[in-house]
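Enquirer: coordinates only, sequence not included:
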C-alpha cells in the first residue's frame, strides 16, 4: 500500500500484495482498517460522476462533499484521478473512453469556485500502453493530437497521462501530482493487459476534517 498526503488530502493506492480489491471480502477487510466511511461508484465506462447519496447509479467517478469521508475507484491499467480544492474532492476512473468523453472536465465542473489540485495514480503509460493504427486514426478523427502517440521500433503507444495533464492545465489546474508508475511494467500492480482480468487495485482519497 502507498499512502500520499498533500495538505489535508490523503490518497491510498493498494498494491498486488494487498490482495484483489475487486473481491468484496478482501476490500471490506482492507477498508475496515481505515475506520472511515468509504464510497465506491457502481463502476461502468461512462462520463458520469455520482455521489454517496446516489451510489447505485452507474458511474465512473464519485464526488465527496464532506471531510472524513473517502471516495474510491477500482482500476487495472486505467487512470485513477483525484481532484480536490481541499474542501471537496472527486475520484475518477479514467480510461481512454472517459477521457475523450469528458469525465475529467465533468469532475472539474463539480469543484468550480475552488483552486484545484490534481493527482494521477498508477496506470498504463506510454512505455507500455500499446495501441494499433486504427485506434490512433479513430481518436485523431475525434480531434486528439498525434503528440499523445509515440512510435518506436514498429510499436505505437498512447499516453493517457499527457492528454489528461493537458486537459487540466487548459482548465487552470496548476498543481498536479503524478505517481509516475506504470501498471503494465510495474510488478507491484495488477494489470488487465498482463492478464489480470479479474483483479483490481483500489485508489482511495479523503480529506481530514
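Expert: Sure thing, it's come through. Owing to the predicted nature of the structure, the values given are computational and were not obtained by experimental measurement.
Enquirer: Show me where the chain dips below the pLDDT cut-off.
Expert: In the predicted model, the chain carries pLDDT under 70 at residues 55.
Enquirer: which stretches of it form helices?
Expert: 24-32, 96-101, 103-110, 133-141, 160-170 (DSSP state H).
Enquirer: Would you point out which residue is most central in this structure?
Expert: Closest residue to the average C-alpha location of the chain: residue 80 at 1.2 Å, with CA atoms, centre = their mean.
Enquirer: circling back: now the helices of the chain in CSV, with mean neighbour count and distance to residue 58?
Expert: The C-beta positions use only the backbone N, C-alpha and C, and glycine is treated the same way. Output for the helices of the chain, formatted as CSV (neighbours: other CB atoms under 10 Å; distance: least, CB to CB, whole Å):
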stretch, mean neighbour count, distance to residue 58
helix 24-32, 14, 18
helix 96-101, 19, 13
helix 103-110, 20, 13
helix 133-141, 12, 24
helix 160-170, 18, 22
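Enquirer: need those helices in CSV with distance to residue 45, can you?
Expert: Listed next are the helices of the chain as CSV, based on distance: least, CB to CB, whole Å:
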stretch, distance to residue 45
helix 24-32, 20
helix 96-101, 5
helix 103-110, 10
helix 133-141, 15
helix 160-170, 14
